[in-house]
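>>> this one's sequence-less:
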């Protein structure tokens, strides 16, 4: 089974990396870019076919390691 | 208009960061994780309503800045 995890910085938290990329895009002539937010995108291959169990395990992985839940949000999809 | 960009390391390229996360997950007891690949996930807010133009511009942003096309693949969605 494959899990896709998206980890993004919370809306209330400043995203300096996003601001830096926005500035670079502007300097390259892409003035239409009003906002950039950058996050992590993870693809996990899991050796399980039990979707409910995988769901709980991926949530635990996010809470314990993949996301810093103080400043980051996470969501995931199982396929 | 909002663009979502996914930048991932090419399958043929080693992903040390992914391997490191996989090792950490294993050490935390998540043995079912067989493979981890990590990429970037960007949300861009664009000040345009012309989807065709936005499509071309986002592709140019990826080619010029957001992805290192030597070792990374990219894909994007416009909503």
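Received it, and whenever you're ready, just let me know what you need. This structure is a prediction, so every number in the text was calculated from the model and none was measured.

>>> So which bits of chain A are right by chain B?
A:6-8, A:18, A:21, A:24-25, A:28, A:30, A:32-48, A:54, A:57, A:60-61, A:64-66 (C-beta under 8 Å from any C-beta of the partner chain). Using the backbone N, CA and C atoms, a C-beta is placed for each residue, glycine as well.

>>> of the residues you listed, buried ones?
Buried subset of the residues of chain A next to chain B (neighbour count, 16 or more other C-beta atoms under 10 Å in any protein chain shown): A:6-8, A:18, A:21, A:24-25, A:30, A:32-33, A:36-44, A:46, A:54, A:57, A:61, A:66.

>>> Can you say which helix or strand has the most far-flung residue of chain A relative to its centre in it?
Of all residues in chain A, residue A:29 has its C-alpha farthest from the mean position, at 27.1 Å, by C-alpha atoms, centre = their mean. Here residue A:29 sits in a region with no helix or strand, counting by DSSP states H and E.

>>> what's it sitting at in phi/psi?
phi 100, psi 0 (degrees, to the nearest 10).

>>> Can you list the residue ranges for helices in chain A?
Under the criterion DSSP state H, chain A contains helices at A:16-27, A:51-61.

>>> CSV for the ones you listed, including mean pLDDT?
What follows is the helices of chain A, written out as CSV (pLDDT from 0 to 100):
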stretch, mean pLDDT
helix A:16-27, 96
helix A:51-61, 96
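
>>> If you tally nearby residues, what's the number for residue A:52?
The number of residues packed near residue A:52 is 8, by other C-beta atoms under 10 Å in any protein chain shown.

>>> Which strands and helices lie in contact with the longest strand belonging to chain A?
Longest strand in chain A by number of residues (criterion: DSSP state E): strand A:33-46. Applying 3 or more C-beta pairs under 8 Å, 6 or more residues apart in numbering or on different chains; DSSP states H and E, one finds that strand A:33-46 contacts strand A:2-9, helix A:16-27, helix A:51-61, strand B:2-9, strand B:33-46.

>>> how about these in JSON lines, adding distance to residue A:75?
Output for the helices and strands packed on strand A:33-46, formatted as JSON lines (distance: least, C-beta to C-beta, whole Å):
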{"stretch": "strand A:2-9", "distance to residue A:75": "5"}
{"stretch": "helix A:16-27", "distance to residue A:75": "18"}
{"stretch": "helix A:51-61", "distance to residue A:75": "10"}
{"stretch": "strand B:2-9", "distance to residue A:75": "13"}
{"stretch": "strand B:33-46", "distance to residue A:75": "11"}
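
>>> Alright, I will stop here.
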